[in-house]
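J.: next come a sequence and a model predicted from it.
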Amino acid sequence: MDNTKFYNLKIAKTLTGIEDEELLKFYLDSVIEKIERILGYKLIKQEITRLINGLDTNYLFVPEKKIERVLNAKMACKKLDFSFVNRKIIFDEVISKNSYIEIEYIAGYETLPNDILMFICNTVKENLSNEEGLKSYGIRGISYSFLSKTEQSDNFIRGVRDLFGSVDI
């Protein structure tokens with residue numbers, strides 16, 4: 001997948017210090033894929049059709065943070081009237097827990113927001129900072145300690161939660 005229009009490669013080069021574009025794209029795309037696995041949806045703007053279980057209320061939530069537009073809502077073959085605010089889709093009737101609603105909508109980013117790009121670039125830099133696999137080292141009385149892989153993973157998941165809100169993991 002060519003994400004060069006999805007993120008600013010020039011800024012990413014500056015933030016990571018990586019000049020090789022192919023290598024940088026690999027790292028950026030890898031971190032984006034990791035974020036998408038945690039979230040359970042793609043970040044890039046696209047049209048999505050999703051079945052969502054009712055909540056015994058007159059509203060449902062879609063998981064994506066950035067919703068541009070809801071195109072359609074159907075229960076069985078019946079079109080439903082709706083309105084939406086952010087991730088919340090509001091209906092004129094209560095949707096039972098036994099019912100599924102088919103929601104068609106457009107969600108995602110055409111270009112990554114700066115805070116998300118910064119998080120991704122920082123993750124790339126952090127992953128490259130300890131290529132030798134050291135636990136710690138010292139230079140002239142200053143010591144540096146690296147996080148374990150588990151601690152790095154926990155920090156990454158916390159960072160994704162901070163950027164995108166609550167994530168069920």
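T.: The structure has been received and is ready for your questions.
J.: where does the prediction get shaky in this protein?
T.: Under the criterion pLDDT under 70, the flagged ranges of the chain are 1-4, 130-141, 143-153, 166-169.
J.: tell me which stretches of it form strands.
T.: Applying DSSP state E to the chain gives strands spanning 46-53, 57-61, 67-75, 78-79, 82-85, 88-95, 100-107, 136-139, 142-145.
J.: what does the first one contact?
T.: Residues from elsewhere that reach strand 46-53 (Cβ atoms under 8 Å, 6 or more residues apart in numbering): 41, 60-62, 64, 71, 97, 99-108. Heads up, the C-betas are built off the backbone N, CA and C, glycines and all.
J.: only whichever of the residues you listed are buried, select them in PyMOL.
T.: Applying 16 or more other Cβ atoms under 10 Å to these, the buried members can be selected in PyMOL as follows:
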select buried, resi 41+60+62+64+100+101+102+103+105+107+108
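J.: buried stuff in the lengthiest helix in the chain?
T.: Longest helix in the chain, counting residues (DSSP state H): helix 21-39. By 16+ other Cβ under 10 Å, the buried positions in helix 21-39 come out as L24, K25, Y27, L28, D29, V31, I32, K34, I35, I38, L39.
J.: and if you look at stretch 61-80?
T.: For stretch 61-80, the neighbour count (16+ other Cβ under 10 Å) marks V62, P63, E64, K65, I67, V70, A73, M75, L80 as buried.
J.: before we move on, back to that, quick one: which of the strands of the chain is nearest C121?
T.: Shortest distance between C121 and those, using Cβ to Cβ, is found for strand 142-145: 20.4 Å.
J.: before we move on, back to that, dump the buried residues of helix 21-39 to TSV, plus distance to I52.
T.: Shown next, in TSV, are the buried residues of helix 21-39 (distance: Cβ to Cβ, whole Å):
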residue	distance to I52
L24	37
K25	34
Y27	34
L28	31
D29	29
V31	28
I32	25
K34	25
I35	22
I38	20
L39	16
